[in-house]
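In: generate coordinates for the sequence data below:
(2 chains)
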Protein chains: 2
Amino acid sequence: MSSAPQIPRASLDPLFHPRAIAIYGASSDPAKIGGRPLDFLKSSGFDGPLYPINPKAAAIQGLPAFPTASSVPGAVDLAIVAVPAPAVLAALQDCAGHGVRAAVVLSSGFAEVGGAGAEWQREITALARRTGMRVVGPNCMGVINVRRRILGTFTPSAAGFGLLPGRISLVSQSGAFGGYCLSLIRQRGLGLNLWITTGNQSDVDFADCVAHFAQDAGTDVIVGYIEAATDKERLIAALDLARSNGKRIVLMKVGSSDAGAQAAASHTASLAGSDQVYEGLFRQYGAYRARSIDELFDVAYACSLSTSQPAGRRLGLLTVSGGVGALMADVAAECGLDVAPMPADAQRRLKEILPFCGPRNPVDMTAQLVNDLTLFERNFELMLEEGGYDLIVAFLSSVGQVLTLSSALLVQLQKVLARYPDRTVIVSMLATPEVRKLYEAAGVMLFDEPTRAVRAARALVYFAQEARRIRNRSAPPPLPAAALAPPRHAVNEVEAKAVLASAGIPVVRELVAPSEDAAARCAAKIGYPVVLKIASADIPHKSEIGGVIVGVQDEAGLRAAFRTLIQRAGQNAPQARLDGVIVARMAGNGVETILGMVRDPVFGPVVMFGLGGIFVEAFKDVAFRVAPFGVGEARAMIEDVKGRILLTGLRGQPPSDEEALAEAIATLSVYAARHGDVLESIDINPLLVLPRGEGALALDALMVPRACD
Amino acid sequence: MSSAPQIPRASLDPLFHPRAIAIYGASSDPAKIGGRPLDFLKSSGFDGPLYPINPKAAAIQGLPAFPTASSVPGAVDLAIVAVPAPAVLAALQDCAGHGVRAAVVLSSGFAEVGGAGAEWQREITALARRTGMRVVGPNCMGVINVRRRILGTFTPSAAGFGLLPGRISLVSQSGAFGGYCLSLIRQRGLGLNLWITTGNQSDVDFADCVAHFAQDAGTDVIVGYIEAATDKERLIAALDLARSNGKRIVLMKVGSSDAGAQAAASHTASLAGSDQVYEGLFRQYGAYRARSIDELFDVAYACSLSTSQPAGRRLGLLTVSGGVGALMADVAAECGLDVAPMPADAQRRLKEILPFCGPRNPVDMTAQLVNDLTLFERNFELMLEEGGYDLIVAFLSSVGQVLTLSSALLVQLQKVLARYPDRTVIVSMLATPEVRKLYEAAGVMLFDEPTRAVRAARALVYFAQEARRIRNRSAPPPLPAAALAPPRHAVNEVEAKAVLASAGIPVVRELVAPSEDAAARCAAKIGYPVVLKIASADIPHKSEIGGVIVGVQDEAGLRAAFRTLIQRAGQNAPQARLDGVIVARMAGNGVETILGMVRDPVFGPVVMFGLGGIFVEAFKDVAFRVAPFGVGEARAMIEDVKGRILLTGLRGQPPSDEEALAEAIATLSVYAARHGDVLESIDINPLLVLPRGEGALALDALMVPRACD
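Out: Numbers count the residues shown, from 1 in each chain, chains lettered A, B, ... in the order given. Presented below is the predicted three-dimensional model:
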């Protein structure tokens, strides 16, 4: 990465919407990498001119060939380059010299093999930056524009075209992953708009493509496979733009396990931020992270068909099988959806319609539906009208295998839904391809498997929440003018807390006492009971050497405790420079949390929050966000942590002051962003969250300045 | 449930393997419930005689009809009954009177609607018990035997037959669920043997069917959908028999959420044990619990094709996409599989074969595989030989869409696998139906989606572990001869612990002191520091009234603490009868756990284990088992709890004495089973687990005798 000022990069339009295409290294053999794109483009029905570039032949696959771009009779927007690696740079120079505005380099043998290849790739990047010609790859699978029938790729998955135009666009860093997705898209019959694999990302990268899709009128849903980001600012800007423009982003990021991270890292040469940082980033910018390829396309499918945004998370379940109803309810609860029961009166009315129905929620029509199709309409309407559900998942078993039945139900469904246009309905049933087309043409999504339908409902709720969240987004809080800069060297916890306090983070009341007598005076000022702790920048983990004594009740106890601490420090940390002993007010009852910041190699200062102790260490139950952010984002961060339940007031405890906690988190994020260049990490452990209205207090803190480069 | 001695129930052979079938209520209209089974049986190719029973017609659907079973010319094994509910009993009496050995009652209108229906159902049960004729239903979808082409059902899912014979048998309590599964089985092309839905279970129940499948030579895999068990002993016997006979059981049980449990309970009239008890039961008897219908059939499919049992959980991942490789590694880690790297030397050899491969694990062949098919054989063999993986999941993207490629790979795969017959291989790729058939005929399973392939691998590992576990199963430990019976009335914690100690559960050393002076003598005997606690059977939750003082250091402190406790008890629990104050030895450092037993309405005494505090309350991170069981099962129970990680020695703590913990759990299970009839519950909270070799100690215990009925 260069730190030189960035020139705004040229649009990707010539890449996705070329009027004319040149193919370097075009081969007469349609099975070869150089032959395949030409073969695909010829047979797919692309409506612009194709120019094979090959100095050794007069014609390739029946088209006149040209030795160079300069000899081509018309203008060329896009070049597809499939010559051997050592010849790629010359081909690109030829392109740039003759006004070609975008190039896709399919050839491999660059940074992924190292040596000369890495040098050639650097030269490609330099050429792209210098000329403004956008370059995709090298070592990629190319691009597709379905509506324009452009197959600028050699993936066998594109053979025979077989793609339906639609509103999903896909970007994959990995060519193999992108090719597999393309096959899946065909198999599932999903509608696709644009498709691109970015390979070694010498110029065009994942963020460029997301940003392009974000501004593309033909795209509603962005599907992405990202291995590693290299440029934080541009990735964030692209995700933010997509969200602002109402696009829904479904991402896959691998490497959450050690073996997975190893595999992902060996696959590219890029630096990768930690998996949990990506997780936080996706949450922060409203992207949905899929955990399987099924989920990736289930969610993309649902987003491509749903036009309404659920106002809440109330889910109605309508079913012909009590068992499947209960299964869906289980999965919904696991997903955090609210399977609220029907009102009592509406339950009575359902029982009048069908005495042996299950009226609660799930509403079970039983197999009786097949004998009386009107059950569907009546139950469905009652659920929308009286139940007030934001979404309904209807499980109809194998009804979709009978065209007459399913057409009749679709008519009812559309009739009712026309009166409730703000509600979302998802149907789960086994369906013939004909029935599936019928429903999808009417904008109704179908899932074979009921639990996948419920998970899709959850994703739609997520996106709707994110859309509301962005409307109510709060700006990062301002930093107080008096906020101190971070220390340039190791400091003790009192100094660290003083810096944090200056930035607006509440800290426990405490004083440093150099002597026993001073300690007694401090305690008298603060008020008993107090806590005594060794004060030394050289002892970051005090409790490990017995450097903390809590619950000191009176002056006699204080004097004894002072001597004990000094003695322990002398024994266990003889080299440490002591600043004395900290006398701190004994904090009230609260919930211990951990709040910190750390520099991520890709994303810079990131903020971490978790519940104290074993939650972080044993369960890694923490949330990350990229700094800075506002109080709203901090609240979302708290909600992302499972242990949050401890803040809600368990076992008769009072609920905690989550608002004060959120403010502390947002404040730290602003401080971290402002001073991230000179800070390695901050740990506030514990940040004690007191009962509601009483605030939160940093009891201990550690600040590590960044080592000079 | 009757408590009368049970007569052994007759075999289900006449149900699944009838020579001749009568159909009561046979209708000329093949769309009606009474017409459909006859229509199905006529057209499916069943090779035995069919007798429509209908007094109003001479012929039905072209077959001679008979007024009653007695007028039928030959013997009848199975009757299918589709007459209206009020006429069912007479039809069954007619059957039983003429030697019919099994009947399937499709009609509804019985216990599920209550009133007279419930009474009719009781009479059906009585008739079945009296005559020995086995009755399925009422209110069920019937039975299927695929090899015999018997479609004794009216589910539309059976129309046109369309079923392939195979080694999976299915039992579903729910007819709608069973019908949906049948459609899925057809859609997926799974091989099916027997299929049954048990409906209201007047006679034949879920356990009967599992027991039948367990003894059926044509069944390897049992798929079950259970809503609620009614007879613990027979369900356990059936699961145990299936496991002993090497059958693999994949079960779905719904109702883990409140809404789900409500829905499941309203669907049947049965009592349901708690969801977590079922979870424990399935683990205890080696059944695999699926959480989605996809998973139910993915696992059944894998089990029906895998012939080997993985010796361990080492998983090799072979891939053509680094990204998918990393994704599979992530899911494998989440599933507890070991994605161990290839040995360094083998990695070097892989690099020699293909310089830019990923050699670690996942092993990434890259798209280069398509250019050099021998890569597969060479890499695959190295992984088995040098990597020593128990299982390999190979992701081959869309290779399965090209017959020539995939046939060539299959030949390589079989060649290598022939030399490693103990290893399991799973292939993930998009495949044409032709390729799929080819692979499956060779015993190789195929999954479209790579994460589902990994989860299937995990299920195969689970079953193999279970098979090993049963071979090494330890018997429940004997109860000491001196073990005391449980108290018949509420007792204080000291008495409760004395009972537990007599049963062999280690308890903390403690004495009850009726007076301050006695307390001082007790403490001197036990040794300071001590803990003081109020002793009263009327105060089960002492800490809530401040009834516990820890860390009492000396006699002065003890006397003050004694008076404080008596005063607090007088203030906060003035009605409580006090037995004095407990003086207990202050236990050393350990991990607090909770161990208990409770009576489950279905499964009787069950044992619960969890880590202390919030793990149980906030996360419900507990494991259940049905009592009694041995130390091996107790170990498995400990491993089922996520918080177990705290026992392994976190943050430099010593590892805990898990062996002593397992012994305490098994001992409690034996005691619970022996005295479950007079006990409502036992809570040992905390059971302190000390460092390895130092044992475990019950610090507090609560025993609740069972209220007399």
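In: and A:V444, how far from A:T424?
Out: 10 Å (C-beta to C-beta, to the nearest Å). Bear in mind the C-beta positions are built from the backbone N, C-alpha and C, glycine included.
In: ok, now A:R186?
Out: 27 Å.
In: quick one: contacts for A:S256?
Out: Contacts for A:S256 were tallied using C-beta atoms under 8 Å, 6 or more residues apart in numbering or on different chains; they are A:D275, B:D330, B:A333, B:E334.
In: ok so it is a helix residue?
Out: No. According to DSSP: H, G, I helix; E, B strand; the rest coil, A:S256 belongs to no helix; its state is coil.
In: neighbour-wise, which of A:R186 and A:T424 wins?
Out: Taking other C-beta atoms under 10 Å in any protein chain shown, A:R186 and A:T424 do not tie; A:T424 has more neighbours (26 against 20).
In: in the sheet, who's paired with the spatially closest residue to that one that is not a sequence neighbour?
Out: In space, and not counting its chain neighbours, A:T424 is closest to A:L391: 4.4 Å by C-beta to C-beta, 6 or more residues apart in numbering or on different chains. Beta-bridge pairing of A:L391, defined through DSSP bridges, involves A:L315, A:T424.
In: count of neighbours near A:L391?
Out: 27.
In: same check, this time on A:E381
Out: A:E381, neighbours per other C-beta under 10 Å, totals 17.
In: excluding sequence neighbours, find me the nearest residue to it.
Out: Using C-beta to C-beta, 6+ apart, the nearest residue to A:E381 is A:V416, at 4.9 Å.
In: what do you get for A:R625?
Out: A:G280 (4.7 Å).
In: and the one you found, which of the three is it?
Out: helix.
In: do you know how far the residue nearest to A:T424 is from A:V324?
Out: The value you get for A:L391 to A:V324, if C-beta to C-beta is used, is 17 Å.
In: cool, A:R706 as well?
Out: A:R706 is 56 Å from A:V324, by C-beta to C-beta.
In: can you check A:A87 too?
Out: Counting by C-beta to C-beta, the gap from A:A87 to A:V324 is 59 Å.
In: any part of the lengthiest helix in chain A near chain B?
Out: Longest helix in chain A, counting residues (DSSP state H): helix A:450-471. Yes. Counting by C-beta under 8 Å from any C-beta of the partner chain, chain B has neighbours in helix A:450-471: A:P450, A:T451, A:R452.
In: who touches the nearest residue to A:G649 once chain neighbours are set aside in this structure?
Out: Using C-beta to C-beta, 6+ apart and skipping residues adjacent in sequence, the residue nearest A:G649 is A:P655, 3.9 Å away. By C-beta under 8 Å, 6+ apart, A:P655 lies in contact with A:L647, A:T648, A:G649, A:P691, A:R692.
In: dump the residues you listed into TSV; add secondary structure as well.
Out: Putting the contacts of A:P655 into TSV (three-state DSSP) gives the following:
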residue	secondary structure
A:L647	helix
A:T648	helix
A:G649	coil
A:P691	strand
A:R692	coil
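In: contact partners of the host helix or strand of A:F297?
Out: Assigned by DSSP states H and E, A:F297 belongs to helix A:293-305. Helix A:293-305 is contacted from outside by A:166-168, A:180-181, A:184-185, A:188, A:190-191, A:220-221, A:223, A:248, A:250, A:252, A:288, A:290, A:426, A:440, A:443-445, A:447, A:452, A:455-457, A:459-460, A:463, B:324, B:327, B:449-452, using C-beta under 8 Å, 6+ apart.
In: neighbours of the residue nearest to A:L317 when sequence neighbours are not counted, just the number please.
Out: In this structure, A:L317 finds its nearest non-sequential neighbour in A:P362, 3.8 Å apart by C-beta to C-beta, 6+ apart. If you count neighbours by other C-beta under 10 Å, A:P362 ends up with 34.
In: what does A:S28 give?
Out: A:S28: 17 neighbours (other C-beta under 10 Å).
In: for it, give me its contacts.
Out: A:G35, A:A57, A:I60, A:Q61.
In: so the second one is in contact with A:P64, correct?
Out: No. Under the criterion of C-beta atoms under 8 Å, A:A57 is not in contact with A:P64, lying 9.6 Å apart.
In: these two touch, right, A:S107 and A:P86?
Out: No. With contacts counted by C-beta under 8 Å, A:S107 stays clear of A:P86, the gap being 9.4 Å.
In: who has more neighbours, the two?
Out: Neighbour comparison, A:S107 and A:P86: the larger count goes to A:S107, with 25 against 12 (by other C-beta under 10 Å).
In: re the thing from before, now a PyMOL select for only the buried ones of the contacts of A:S28.
Out: To isolate the buried members of those in PyMOL, using 16 or more other C-beta atoms under 10 Å in any protein chain shown:
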select buried, chain A and resi 35+60+61
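In: which one of the contacts of A:S28 is nearest chain B?
Out: Closest approach between the contacts of A:S28 and chain B, by C-beta to the nearest C-beta: A:G35, at 14.1 Å.
In: from A:A26, how far out is A:I80?
Out: 8 Å.
In: dump the contacts of A:S28 into CSV; add secondary structure as well.
Out: Formatted as CSV, the contacts of A:S28 follow (three-state DSSP):
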residue, secondary structure
A:G35, coil
A:A57, coil
A:I60, strand
A:Q61, coil
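In: could you export the contacts of A:S28 as CSV, including distance to B:S406 and pLDDT?
Out: CSV is the format used below for the contacts of A:S28 (distance: C-beta to C-beta, whole Å; pLDDT from 0 to 100):
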residue, distance to B:S406, pLDDT
A:G35, 23, 92
A:A57, 34, 90
A:I60, 31, 95
A:Q61, 28, 95
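In: at which residues are the strands of the stretch 251-400 of chain A located?
Out: Along the stretch 251-400 of chain A, the segments classed as strands by DSSP state E, counting those that start in this stretch run A:288-289, A:315-319, A:363-364, A:391-395.
In: in the stretch 401-550 of chain A, what residue comes closest to chain B?
Out: Per C-beta to the nearest C-beta, A:T451 is where the stretch 401-550 of chain A lies closest to chain B, at 4.0 Å.
In: where does pLDDT dip in the stretch 401-550 of chain A?
Out: Within the stretch 401-550 of chain A, no stretch has pLDDT under 70.
In: what parts of it come near chain B?
Out: Checking the stretch 401-550 of chain A against chain B by C-beta under 8 Å from any C-beta, the hits are A:Q401, A:V402, A:L430, A:D448, A:E449, A:P450, A:T451, A:R452.
In: near the third one, how many other residues are there?
Out: Same thing as A:L430. A:L430 is flanked by 22 other residues according to other C-beta under 10 Å.
In: which residues touch it?
Out: A:S397, A:S398, A:G400, A:Q401, A:D448, B:Y180, B:S183, B:L184, B:Q187.
In: ok, the first one touching B:L182?
Out: No. Applying C-beta under 8 Å as the test, A:S397 and B:L182 come out as separate, 10.0 Å apart.
In: what is the burial count for A:P421?
Out: Using other C-beta under 10 Å, A:P421 has 8 other residues around it.
In: kindly report the same for A:S183.
Out: Around A:S183 there are 22 residues (other C-beta under 10 Å).
In: so it touches B:G400, yeah?
Out: No. Using C-beta under 8 Å as the test, A:S183 is too far from B:G400 to be in contact (9.6 Å).
In: which non-adjacent residue is nearest the spatially most central residue of chain A?
Out: Geometric centre of chain A, nearest residue: A:F282, 2.1 Å, by C-alpha atoms, centre = their mean. Leaving aside its sequence neighbours, A:F282 sits nearest to A:R289 (C-beta to C-beta, 6+ apart; 4.9 Å).
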